[in-house]
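# no sequence on hand, only this structure:
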Ligand code: NAD
């Protein structure tokens with residue numbers, strides 16, 4: 001860390017970034033480009049080419065060409081690449097985190113945590129020799145007829161990722177896909193393409209064979225090329241619910257495997273027996289961490305019974321104490337939001353909440369950060385007197401807005417939470433094991449927190465939501481990812 005000037009970005013301008021295809025950096029032929037913008041000050045820091053269908057198809061073909069050699073490379077050798085990659089990422093951890101903050105805005109410690117989670121997925125995938133083993137049973141079919149299951153890779157897989165975790169999300173998938181013997185094409189978010197571009201630069205030191213891991217920059221055109229290409233055997237997607245539904249349907253229509261992790265609206269329930277003082281820090285991280293742009297972010301704060309007054313007072317006090325500013329400033333708790341468009345969306349939701357009868361206890365709309373007046377800042381916002389039928393209480397805002405909803409008991413809190421079309425995560429704060437057990441037993445969400453508000457599974461556990469937050473069967477990360485990226489083949493033998 002001492003090598004870095006802490007407040008200064010590594011580079012002011014990254015120029016026109018390129019695709020990484022078949023081991024080479026390639027500038028795609030296109031007439032469409034986007035600016036890459038630093039949300040802390042709204043200045044352009046690079047240009048992104050929007051790759052055409054034809055150029056995306058070329059990347060997929062190269063990944064396909066590399067498949068057979070890679071697939072026949074023994075798993076232990078593939079695992080050794082993961083160890084090399086882990087060592088490289090450890091070395092560049094701070095640099096990668098700083099680029100994430102520069103293009104996304106999140107506080108630098110959050111970016112460090114994100115980079116660590118990328119590394120943990122590589123560590124987990126390094127155990128592929130054990131993770132992808134099959135099983136067998138002698139005389140399994142009849143006397144002298146043995147039965148064996150092997151797990152085999154399938155070919156080319158792809159990932160389409162969102163802006164909010166530009167480094168980590170592709171790592172939920174590609175290390176498992178590649179370690180199991182597949183080849184891979186990643187289309188990162190057009191809003192935050194620098195983190196993975198730099199990651200691919202440093203990963204060249206790992207000497208993965210050409211074509212095994214490829215990066216394509218673009219938008220819908222590149223995604224549609226992936227969805228329509230018959231060489232692609234499966235797609236992993238993380239992003240909003242409408243796009244997730246679209247991708248899942250297109251994969252179904254073209255016979256591809258699909259993991260589509262989608263949008264969220266997460267409820268945090270606080271029981272009268274909760275330890276409020278010990279929990280408010282954790283609630284702040286949930287609602288306002290990453291400026292509310294997390295699929296696991298708290299959105300609705302459900303106050304049960306007479307906890308309401310104390311919870312409201314302590315929650316607002318803690319939220320008001322958070323420092324908003326550029327994410328590279330180590331003293332900042334909350335960075336800017338990703339774009340002007342997102343800033344306007346968050347403002348609109350707050351305006352609409354007020355029109356529909358909510359009370360603003362803490363207003364983030366008029367935050368100004370001296371020296372960063374052009375940045376996309378919105379402060380922590382707390383809305384009270386919120387009822388479940390209000391628009392902002394139902395839809396994903398994806399910003400630092402907490403809505404307090406009062407209910408009489410735990411059953412009402414569970415009913416309210418389960419009425420949401422989303423089911424990514426839900427948390428309860430309580431000192432009662434019985435309340436906690438009733439809650440996790442009944443709640444329809446993929447990730448449950450008990451006395452913690454960001455229920456993020458470690459790399460060796462599966463990660464996905466339920467209902468409109470997830471379309472698919474196998475989840476990302478760990479053993480689920482290994483299953484997704486392999487097929488089981490049964491071999492029955494008599495000699
Ligand atoms: P997004 O859906 O706008 O974009 C995600 C990806 O899809 C990008 O790469 C984008 O280029 C591509 N895309 C966008 N529109 C498309 C279209 N019409 N056709 C084909 N591809 C398209 O999502 P975002 O704004 O980048 O990310 C925020 C969303 O992601 C939130 O809804 C958040 O909840 C969700 N998210 C979910 C998880 C999870 O694990 N469930 C994790 C992180 C983020």
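Sure thing, it's come through. For clarity, every value in this text was computed on a predicted model and none was experimentally measured.

# so which bits of the stretch 151-300 of the chain are right by the ligand?
Within the stretch 151-300 of the chain, the positions lying close to the ligand (Cβ under 6 Å from any ligand atom) are 160-165, 187, 189-190, 219-220, 223, 238-240, 243, 246, 261-264, 295. For glycine as for every other residue, the C-beta is placed from the backbone atoms N, C-alpha and C.

# hmm, try it at 5 Å
Contacts of the stretch 151-300 of the chain with the ligand, taken as Cβ under 5 Å from any ligand atom, map to 160, 162-163, 189, 220, 223, 238-240, 243, 261, 263-264, 295.

# which of those residues sits closest to residue 337?
Nearest to residue 337 among those is residue 163, at 10.7 Å by Cβ to Cβ.

# and the closest one, what are its phi and psi?
Phi and psi for residue 163, reported as degrees, to the nearest 10, are phi -80, psi -20.

# which helices and strands sit right next to the strand or helix carrying residue 280?
Residue 280 is part of helix 276-288 when elements are defined by DSSP states H and E. Helix 276-288 sits against strand 266-270, strand 298-304, helix 308-320, strand 425-429, with contacts defined as 3 or more Cβ pairs under 8 Å, 6 or more residues apart in numbering; DSSP states H and E.

# what's the most buried one of the ones you listed?
Mean neighbour count (mean count of other Cβ atoms under 10 Å) peaks for strand 425-429 among the helices and strands packed on helix 276-288, with a mean of 30.

# average pLDDT for that strand?
For strand 425-429, the mean per-residue pLDDT is 98.

# quick one: the strands in the stretch 351-495 of the chain?
359-362, 381-384, 401-407, 422-423, 425-429, 447-450, 466-467, 470-471, 486-494 (DSSP state E, counting those that start in this stretch).

# among the ones you listed, which is the most enclosed?
Ranked by mean neighbour count under mean count of other Cβ under 10 Å, the strands of the stretch 351-495 of the chain are led by strand 425-429, which reaches a mean of 30.

# adjacent strands (with direction) for that strand?
Strand 425-429 sits in its sheet next to strand 266-270 (parallel), strand 447-450 (parallel), going by DSSP bridges.

# how far off centre is the last one?
So the one you mean is strand 447-450. Offset of strand 447-450 from its chain centre (Cα atoms, centre = their mean, to the nearest Å): 17 Å.

# what does that strand contact?
For strand 447-450, contacts defined as Cβ atoms under 8 Å, 6 or more residues apart in numbering pick out 268, 296, 424-428, 430, 436, 439-440, 455-457, 463, 465.

# now that strand: mean pLDDT?
Taken as a whole, strand 447-450 has a mean pLDDT of 98.

# ok, the longest one next?
When the per-residue pLDDT values of strand 266-270 are averaged, the result is 98.

# between helix 308-320 and that strand, find me the angle.
Going by axes from the mean of the first three to the mean of the last three Cα atoms, to 10 degrees, strand 266-270 is angled at 130 degrees with respect to helix 308-320.

# where do the helices of the stretch 51-200 of the chain begin and end?
Assigned helices in the stretch 51-200 of the chain, in chain order: 53-71, 75-104, 108-125, 128-131, 168-171, 174-179, 194-203 (criterion: DSSP state H, counting those that start in this stretch).

# quick one: closest of the ones you listed to residue 444.
Closest among the helices of the stretch 51-200 of the chain, once you apply Cβ to Cβ, is helix 168-171, at 23.6 Å.

# picking up where we left off before, rebuild the strands of the stretch 351-495 of the chain as JSON lines, extending it with distance to residue 37.
Putting the strands of the stretch 351-495 of the chain into JSON lines (distance: least, Cβ to Cβ, whole Å) gives the following:
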{"stretch": "strand 359-362", "distance to residue 37": "27"}
{"stretch": "strand 381-384", "distance to residue 37": "23"}
{"stretch": "strand 401-407", "distance to residue 37": "22"}
{"stretch": "strand 422-423", "distance to residue 37": "28"}
{"stretch": "strand 425-429", "distance to residue 37": "29"}
{"stretch": "strand 447-450", "distance to residue 37": "31"}
{"stretch": "strand 466-467", "distance to residue 37": "33"}
{"stretch": "strand 470-471", "distance to residue 37": "30"}
{"stretch": "strand 486-494", "distance to residue 37": "39"}
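
# mind checking which of those strands is nearest residue 68?
Comparison of the strands of the stretch 351-495 of the chain against residue 68 by Cβ to Cβ identifies strand 486-494 as nearest, at 15.9 Å.

# what pairs with that closest one, parallel or antiparallel?
With DSSP bridges as the test, strand 486-494 pairs up with strand 145-153 (antiparallel).

# buried deepest among the helices of the stretch 51-200 of the chain, which one?
Of all those, helix 174-179 has the most neighbours on average by mean count of other Cβ under 10 Å, namely a mean of 28.

# quick one: list the elements packing against that helix.
Here helix 174-179 touches helix 75-104, helix 108-125, helix 128-131, strand 183-188, helix 478-484, going by 3+ Cβ pairs under 8 Å, 6+ apart.

# for the shortest one, name the packing helices and strands.
Just to be clear, that refers to helix 128-131. Counting by 3+ Cβ pairs under 8 Å, 6+ apart, helix 128-131 packs on helix 75-104, helix 174-179, helix 478-484.

# let's see that with 7 Å instead.
helix 75-104 (3 or more Cβ pairs under 7 Å, 6 or more residues apart in numbering; DSSP states H and E).

# wait, does the helix it packs on contact the ligand?
No. Using Cβ under 5 Å from any ligand atom, helix 75-104 stays clear of the ligand, coming no nearer than 10.7 Å.

# and that helix with helix 194-203, angle?
Here the directions of helix 75-104 and helix 194-203 differ by 140 degrees (the same axes, to 10 degrees).
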